[in-house]
Each structure stands twice: as structure tokens, then as C-alpha cells.
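[1] Fold the following and give me the result.
(2 chains)
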Protein chains: 2
Amino acid sequence: MTNLRLGQALTTSQVKGIAFPRDASKVEIIMAQVAHARDTTLPDELVDLARAVIEANKKLGRRIAVAESCTGGLVSAALTEIPGSSSVFEAGFVTYSNAQKMALLGVSEDVLDTFGAVSIATAWAMAQGALKRSGADVAVSITGIAGPDGGSEMKPVGTVVFARAEQDDDTENVVADLRRFEDRGRGAVRLQAALCALELLLPESLGEE
Amino acid sequence: MTNLRLGQALTTSQVKGIAFPRDASKVEIIMAQVAHARDTTLPDELVDLARAVIEANKKLGRRIAVAESCTGGLVSAALTEIPGSSSVFEAGFVTYSNAQKMALLGVSEDVLDTFGAVSIATAWAMAQGALKRSGADVAVSITGIAGPDGGSEMKPVGTVVFARAEQDDDTENVVADLRRFEDRGRGAVRLQAALCALELLLPESLGEE
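    Numbers count the residues shown, from 1 in each chain, chains lettered A, B, ... in the order given. Okay, the predicted model is just below:
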């Protein structure tokens, strides 16, 4: 277990060292934003929203879980970037394949075969599975097509489905939605999907459906 | 499910639009690197190493799983940022609490009580659990203290333990290590830990112990 490239991470300090004068040009403003983003590993808007989610749920004593397919851990990573998130974040499941959606989240093969991995039915089953298996108070799921491959006429790249499940909630009351993000690249689709998922974890968004 | 802040993600295009002339100053070089990083959501060094891990394992037909505590999904997010990662990435478990390490990965309470969550024993049990529950060929675990709180004299902030488990491997052959990263902030500790975990998933690192 030698040759671990620990030094790679230290390049962040280079970026941090840049001054940010009062009469900052546009370039310098962007760089200062970026410096902050690099310091927290993830983009500012993601970290800011994750912080709001952690703080709002902490006030309610509500614990959260996330089941991620196309975002692949990005929502969990954003939430756990916040100091003290352990009092709110319960568990994250990254289930990329259908096999893992079944094994880790208990999504039925029937649902996957009938509706497909990117569907309201699958998203709902993923959220329910994350809720049950983690014991969290609320769970959000994300499943979609981040690209560049995998798109179809019916479900182009940028198609992402979200669902939210809550303890003691009527299971007939499905909170789920399908969004079509503009395909600005895999990173951008994943970022937009992660932001959407975080919004769903804000208590304020409850009952907006 | 209204008021989702989708527009937030579009700021990436601002950064991308910046020219990168041949006689680029240091500032412009940094910005170009950053533009790429933002385009892929995660820092360049993390994405580059994740790409190497995906490509190397794809060649071997080896499927991987990750069990993350202090990195909280960052390793999974990096791996799934790579197009085509679905043929290599099997599953990710984000188990922040002891309860989830037990429930999702089968880590025994005895191990957690005796050695603590940040220990070789726990890391090893996490990697074994991720391997068994996902059916992947190789699994890596990360458990540590990212800070700012949670550190102690024996295990200061920056202490991170890694383990790697492989199918058909002799379970007596524990591949695990404890590292002490300099505490340059929570984001930096997590980034360094994620880079270390990715290194462990490179086939070339096999047998270096």
C-alpha cells in the first residue's frame, strides 16, 4: 500500500492563495468562488444547498437517507461535506445497476422490467427501500440518464426521476417527478439532479406537490 | 415539487466560456483547470484518478464496490463521474453511523465497541461487508475523522483507515492501513482520503503490501 499519491490533494492550497481585491474583475470573482468550491471539494451551490438541508433537518431532528443511481454518490458526498452532518445523514446507497437496485434497495424485478430503471415506479421503490433499510425519517431517490450514452427518444440524456418517501407516510401518496434537464454534459446533468434531490430534502418543500 | 433551483447549475457555462490563449498566464492556467473541474463537478485530480481506476478495472473485467464513512460518497461520486463506469462500478455504501455500518455492511457491534469506528478492524469488516453484499470482485472501505470535530489525542483529525477485500482472497490476508493526513480542513482531508481509496482500486497496487 505504498505510492499513494497524497500530494495530489495539496494543489488546492495553490488556488486558495489568490488574493481577492475589492475592485475585483470578473475573472477574479470567478476564481474566488472557485477557490471556495475547491476548498470544499464540491461546487459552491451544491455545498450551500446541502448545508441548508442539514441545518433544516437538524432543527426537526429528522434523519435522512439517499438512494442514488445517476448521481452516483454526489448527493451523499454533498451532505457529508457539511460538518456535523452525522446528526442528520443516516445512510447513502449508490445503486447503479438493476441488480444492486434489487439487492440493496429491494426494488422488484417486475417493476424494473415493466417500467425501466428510469421511471417513477423505480424511483419510488428505491426511496421506499432506502427508507426501510436505513430506518431514516425521510429518503430521496434519484435515477436517470446522465449520458453521454443511454439516452433514447422517449428518455433522452438529461431525463431524471426523483422520489421522496417518509416514515409513517401513506404509501399511496407517491411524491415523485420526472424532469428533463438540458444535456449540457454528464457533469452538468448530475449536478442539476443532485441539486433537485437536495431541494426535496428541505422540509420547506414538503407538501408542495 | 416546485421551485426546484435548476438554474443554479448553469453557472458552469460561465466558467467554461473563458478563452485559454497559448501565452496563458498562471491565472488563466488555473482557471482552465478549474473550468474542467467544474464541468465534471469534482476536482481534476479526483476525476483523473477515477478514470484510471475505471479503465484499468474494465480491462480486467473486475467489478468494484466502495464502503465510505468519512468520504461520505465522494469516491463513488468520482467513479460514477466517468462515462461507462456502469460496467465497472457495482455499488457504493455510505455508512456514516455505527448503526449503518452494522445494518448495511454487517460490521459487528463487538468490533465497533472494541476497536472503534476508525480502526483497521472496522475498515476490514466494512470492506468485507461491501464485497459480500454487492457481489463485486473487489471492495475498498474508508473510515476516518475528517473534522473539524471528532478528533482525539490518539486519533486526531486527519486519521483515516483504509481496507481492501477481494473475492476468493484469503480472509486472513488483511490489506489495510491507517494514515494520518495533515488537517488542512474537512474538504482537504476528504479529498486526500478519496484519492487514497482510488489508488487502492488500481490493479497495479495489488500486492504492494
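
[2] for A:V94, what are its contacts?
    A:V94 makes contact with A:68-69, A:72-73, A:76, B:66, B:73, B:76, B:80, B:89, B:91-94, according to C-beta atoms under 8 Å, 6 or more residues apart in numbering or on different chains. To be clear about C-beta, it is placed using only N, CA and C from the backbone, and glycine gets the same treatment.

[3] I figured A:P43 was touching B:T40, is that so?
    No: counting by C-beta atoms under 8 Å, B:T40 is not a contact partner of A:P43; they are 10.4 Å apart.

[4] Between these two, which is the more surrounded one?
    Between A:P43 and B:T40, A:P43 has the larger neighbour count (other C-beta atoms under 10 Å in any protein chain shown), namely 28 against 24.

[5] Please tell me how far that one sits from B:S86.
    To B:S86, A:P43 is 23 Å away according to C-beta to C-beta, to the nearest Å.

[6] With A:G92 instead?
    Counting by C-beta to C-beta, the gap from A:G92 to B:S86 is 18 Å.

[7] Ok, A:E81 next?
    Distance of A:E81 to B:S86, given as C-beta to C-beta: 25 Å.

[8] Who has more neighbours out of those two?
    Under the criterion of other C-beta under 10 Å, the comparison of A:E81 against B:S86 puts A:E81 first, with 24 against 17.

[9] got the contact list for the more buried one?
    For A:E81, the contact set (C-beta under 8 Å, 6+ apart) comprises A:40-42, A:47, A:50, B:72, B:186-187, B:190.

[10] Low-confidence bits of chain A, can you list those?
    A:1-39, A:170-173, A:204-209 (pLDDT under 70).

[11] Tell me where chain A has helices.
    A:12-16, A:26-39, A:44-60, A:74-80, A:98-105, A:109-115, A:120-134, A:186-200 (DSSP state H).

[12] So which of those helices is nearest A:V160?
    Judged by C-beta to C-beta, the one of these that comes nearest to A:V160 is helix A:186-200, at 4.5 Å.

[13] Do the closest one and chain B come into contact?
    Yes: interface with chain B: helix A:186-200 contributes A:186-188, A:190-192, A:195-196, A:199-200 (C-beta under 8 Å from any C-beta of the partner chain).

[14] Which residue lies nearest the spatial centre of chain A?
    A:V75 (2.6 Å; C-alpha atoms, centre = their mean).

[15] my read: it touches A:A139, true?
    No: the pair A:V75 and A:A139 does not pass the contact test of C-beta under 8 Å, sitting 11.1 Å apart.

[16] Mutual contacts of these two, please.
    Common contacts of A:V75 and A:A139 (C-beta under 8 Å, 6+ apart): A:V66.

[17] Just list the residues touching the closest residue to A:Q100 other than its chain neighbours, thanks.
    Excluding the flanking residues, the one nearest A:Q100 by C-beta to C-beta, 6 or more residues apart in numbering or on different chains is B:A91, at 4.6 Å. Contact analysis of B:A91 by C-beta under 8 Å, 6+ apart lists A:93-97, A:100, A:103-104, B:65-66, B:130, B:133-134, B:136.

[18] now do A:V118
    A:143-145, A:155, A:159-161.

[19] out of these, who has the most neighbours?
    Going by other C-beta under 10 Å, A:T143 tops those with 30 neighbours.

[20] The closest residue to that residue other than its chain neighbours: neighbouring residues, count only.
    Ranked by C-beta to C-beta, 6+ apart and with sequence neighbours excluded, the top spatial neighbour of A:T143 is A:S69, at 3.9 Å. By other C-beta under 10 Å, 30 other residues sit near A:S69.

[21] Check A:D110 too.
    Neighbours of A:D110 (other C-beta under 10 Å): 10.

[22] Please report the distance of it from chain B.
    21 Å (C-beta to the nearest C-beta, to the nearest Å).

[23] And for A:K155?
    From A:K155 to chain B the distance is 16 Å (C-beta to the nearest C-beta).

[24] these two touch, right, that residue and A:A146?
    No: look at A:K155 against A:A146 with C-beta under 8 Å: they stay out of range, at 11.9 Å.

[25] Let me know which of the helices of chain A is tucked in deepest.
    Counting by mean count of other C-beta atoms under 10 Å in any protein chain shown, helix A:74-80 has the highest mean neighbour count of these, with a mean of 33.

[26] Please parse chain A into its domains.
    As recorded under automatic domain parsing, the domains making up chain A are A:6-39, A:44-205.

[27] The contacts of B:A91 into TSV, with extra columns for distance to B:E109?
    Shown next, in TSV, are the contacts of B:A91 (distance: C-beta to C-beta, whole Å):
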residue	distance to B:E109
A:F93	22
A:V94	25
A:T95	26
A:Y96	30
A:S97	30
A:Q100	26
A:A103	23
A:L104	21
B:A65	23
B:V66	23
B:A130	18
B:R133	18
B:S134	22
B:A136	25
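
[28] out of these, who's nearest B:A123?
    B:A130 (10.7 Å).

[29] ok, that closest one - contacts?
    Taking C-beta under 8 Å, 6+ apart as the test, what B:A130 contacts is B:65-67, B:91, B:93, B:105, B:136, B:139-141, B:165.

[30] sorry, back to before: list just the one of the helices of chain A that sits closest to B:L112.
    Short answer: helix A:120-134, nearest of the helices of chain A by C-beta to C-beta, at 17.3 Å.

[31] could you dump the closest one to PDB, C-alpha only?
    Coordinates of the C-alpha atoms in helix A:120-134 are reproduced here as PDB (Å, rounded to 0.1, in the frame of the first residue of the first chain):
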ATOM      1  CA  ILE A 120     -41.500   6.900 -11.400                       C
ATOM      2  CA  ALA A 121     -42.200   3.300 -10.200                       C
ATOM      3  CA  THR A 122     -38.500   2.500  -9.800                       C
ATOM      4  CA  ALA A 123     -37.700   5.800  -8.200                       C
ATOM      5  CA  TRP A 124     -40.500   5.300  -5.700                       C
ATOM      6  CA  ALA A 125     -39.400   1.800  -4.900                       C
ATOM      7  CA  MET A 126     -35.800   3.000  -4.400                       C
ATOM      8  CA  ALA A 127     -36.900   5.700  -2.000                       C
ATOM      9  CA  GLN A 128     -39.100   3.200  -0.100                       C
ATOM     10  CA  GLY A 129     -36.200   0.700   0.000                       C
ATOM     11  CA  ALA A 130     -33.800   3.300   1.300                       C
ATOM     12  CA  LEU A 131     -36.200   4.400   4.000                       C
ATOM     13  CA  LYS A 132     -36.900   0.900   5.200                       C
ATOM     14  CA  ARG A 133     -33.300  -0.400   5.100                       C
ATOM     15  CA  SER A 134     -31.800   2.600   6.800                       C
END
